[in-house]
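Asker: Turn this into a structure:
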Amino acid sequence: MSLLKVFDIAGSALSAQSVRLNVTASNLANADSVGSSVATTYRARQPVFQAMLDEAAFAGEPANGGVQVAGIVESDRPLERRYQPEHPAADEDGYVLMPNVSVVEEMANMISASRSYQGNVDVLDASKQMLIKTLALGQ
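Answerer: Next up is the predicted model:
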């Protein structure tokens, strides 16, 4: 694999982790939002990653790849019903629907995504340093 391909692969990982951080931020921002119906209540979302392989991988040669975001899916966990009869969005029984966002899980997800992002930045930095040293050999 070419040293320059490392930049493409790490760059795709940076982009994917950036999407993951944005989705996590959206989940945290909506964790305390209230809905009046199942259809209008926010549901936690998670990105789905997919490996990218080129045609060389299927021919038995060394593969170049990366990662891409295949989509963003909504959680199917049930929504929380909370008794708040004074709330304007409460139903006739006095319940409001709360999102199925777990703040603890989202914080762990954010820490994991930021560490993965930092790891890929370190890969880019190490690759850059190796490339600079390789170029310096010719002097």
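
Asker: what's the neighbour count on residue 99?
Answerer: Using other Cβ atoms under 10 Å, residue 99 is surrounded by 20 other residues. The way it works is simple: take the backbone N, C-alpha and C, and place the C-beta from them, glycine included.

Asker: Residue 83 too?
Answerer: Burial measure for residue 83: 10 neighbouring residues, criterion other Cβ under 10 Å.

Asker: Could you check the top helix by length along the chain and say which residues are buried?
Answerer: The residue-count maximum for a helix in the chain (DSSP state H) belongs to helix 103-137. Of the residues in helix 103-137, those buried by neighbour count under the rule 16 or more other Cβ atoms under 10 Å are 106, 109, 110, 113, 116, 117, 120, 123, 124, 127.

Asker: isn't the fifth one right up against residue 14?
Answerer: Put plainly, it is residue 116. No: counting by Cβ atoms under 8 Å, residue 116 does not reach residue 14; the two are 9.2 Å apart.

Asker: Mutual contacts of these two, please.
Answerer: Common contacts of residue 116 and residue 14 (Cβ atoms under 8 Å, 6 or more residues apart in numbering): none found.

Asker: check contacts around the most centrally placed residue in the chain.
Answerer: In the chain, the C-alpha nearest the mean C-alpha coordinate belongs to residue 20, at 1.5 Å (Cα atoms, centre = their mean). Taking Cβ under 8 Å, 6+ apart as the criterion, residue 20 is in contact with 47, 109, 113.

Asker: Looking at the residues you listed, which is nearest residue 53?
Answerer: residue 47 (19.1 Å; Cβ to Cβ).

Asker: which of the contacts of residue 20 lies closest to residue 101?
Answerer: Sorting the contacts of residue 20 by distance to residue 101 puts residue 109 at the head of the list, at 10.7 Å, by Cβ to Cβ.

Asker: Before we move on, what's the pLDDT of that closest one?
Answerer: Confidence at residue 109, expressed as pLDDT, is 95.

Asker: Can you tell me the closest non-neighbouring residue to it?
Answerer: In this structure, residue 109 finds its nearest non-sequential neighbour in residue 24, 5.1 Å apart by Cβ to Cβ, 6 or more residues apart in numbering.
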